[in-house]
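>>> How does the following fold in three dimensions:
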Amino acid sequence: MELINFLSYGFIQRALIAGSFIGLLCSLLGVFLVLRRLSLIGDGLAHVTFGSIALGLLLNFYPLYIAIPVVMLCSLGILKLMERARLYGDAAIGIVSSVGIAGGTLMASIAGGFNVDLFSYLFGNILAISTTEVVISMALSGAVIITIAVFYNELFSLTFDEEFARATGIRTERINTVFILATALTVVLATRVVGILLVSSLLILPAVTSLQLAKGFKIAIVISCITGVLSVIAGIVVSFLMNLPAGATIVMLNLLFFIAAFIYRSVHRE
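The predicted structure is shown next:
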């Protein structure tokens, strides 16, 4: 199939546009999450997304309209558990994650079982993304990227030494709140790209790939963003041409990028 013919399909255009924005966003936030040892927060919030989407389908509401506020509130719950209940990050994430998946299962059962719509969110189906979802993805991705840019210096300081950041007068609680809300929004958006079950991989793999190669923080962010966007675009193309699931293809390409980066680093160390 010629490239011009391939790009002429409306659903391919929508998938590439939304996927590029979301891939860029996940890769950007992923570097901060990995370095702060909060990588699994994506998995935890994805489970909450499952519960909120099941609630939306049960109430016959557009799922993202329910998922966005619910997941953002639950992300704040994780943050408060870490700050007030003196729980380690993985324990707080585990609590919210288990409640989310249990709630989703109960609501799916009440609704009469898992339907096609819920499965599309579980495994991702970016080729079926609508124009409305593309606009929402672009707008929210743009808002989060601008927010990260505005608070870049504060986030950089928190990532490497939170105690020092607090000592220098940075309002760490406010910055952590902004960061955790941005992460929650990103996870909800990413469910349409790779699905609830694989969303954490889109946050983690581009970041760890970049950290194999980069010698500075800003360079790591650039490499991560390039890797994330490239994997999404290539994944969409390969999945369409070979009739493969788009989400799983994107994740496997990210894994190949990581393996290649790891081998390159290992060879050049010797």
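>>> Check which residues of the helix or strand Leu189 falls within are buried.
Secondary-structure assignment from DSSP states H and E places Leu189 in helix 172-194. Of the residues in helix 172-194, those scored as buried under the neighbour-count criterion (16 or more other CB atoms under 10 Å) are 172, 175-176, 178-194. Quick note: C-beta positions are derived from backbone N, CA and C, even for glycine.
>>> Stretch 97-115 now?
The neighbour-count check on stretch 97-115 (16+ other CB under 10 Å) flags 97, 99-101, 103-104, 107-108, 111 as buried.
>>> Run the chain-centre distance for it.
Relative to the centre of its chain, stretch 97-115 is centred 22 Å away, using CA atoms, centre = their mean, to the nearest Å.
>>> Which residues does it contact?
Under the contact criterion CB atoms under 8 Å, 6 or more residues apart in numbering, stretch 97-115 has outside partners 43-45, 47-55, 57-58, 74, 118.
>>> Tell me which stretches of this structure form helices.
Assigned helices in the chain, in chain order: 3-7, 10-35, 41-58, 63-84, 89-110, 116-123, 131-150, 152-160, 162-167, 172-194, 199-213, 217-242, 246-269 (criterion: DSSP state H).
>>> got the angle for the last one vs helix 172-194?
So the one you mean is helix 246-269. Here helix 246-269 runs at 120 degrees with respect to helix 172-194, directions being taken by axes from the mean of the first three to the mean of the last three CA atoms, to 10 degrees.
>>> hmm, back to that, okay, the helices of the chain in TSV with mean pLDDT next?
Rendered in TSV, the data for the helices of the chain read as follows (pLDDT from 0 to 100):
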stretch	mean pLDDT
helix 3-7	68
helix 10-35	88
helix 41-58	83
helix 63-84	83
helix 89-110	77
helix 116-123	69
helix 131-150	87
helix 152-160	88
helix 162-167	82
helix 172-194	86
helix 199-213	90
helix 217-242	90
helix 246-269	89
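>>> residues touching the nearest residue to Leu244 once chain neighbours are set aside, list them.
Of all residues beyond its chain neighbours, the one nearest Leu244 is Val238 (6.7 Å), with distances taken as CB to CB, 6 or more residues apart in numbering. When contacts are counted by CB under 8 Å, 6+ apart, Val238 is found next to 244, 249, 253.
>>> next one: Pro206
The neighbourhood of Pro206, defined by CB under 8 Å, 6+ apart, consists of 23, 26-27, 30, 224-225, 227-228, 231, 254, 257.
>>> ok so, going back, among the contacts of Val238, find me the one that's closest to Phe151.
Nearest to Phe151 out of the contacts of Val238 is Leu253 (CB to CB; 30.6 Å).
>>> now the residue lying closest to that closest one once chain neighbours are set aside: how far from Leu158?
The spatial neighbour of Leu253 that comes closest, neighbours along the chain excluded (CB to CB, 6+ apart), is Ser231 at 4.5 Å. As defined by CB to CB, to the nearest Å, Ser231 lies at a distance of 27 Å from Leu158.
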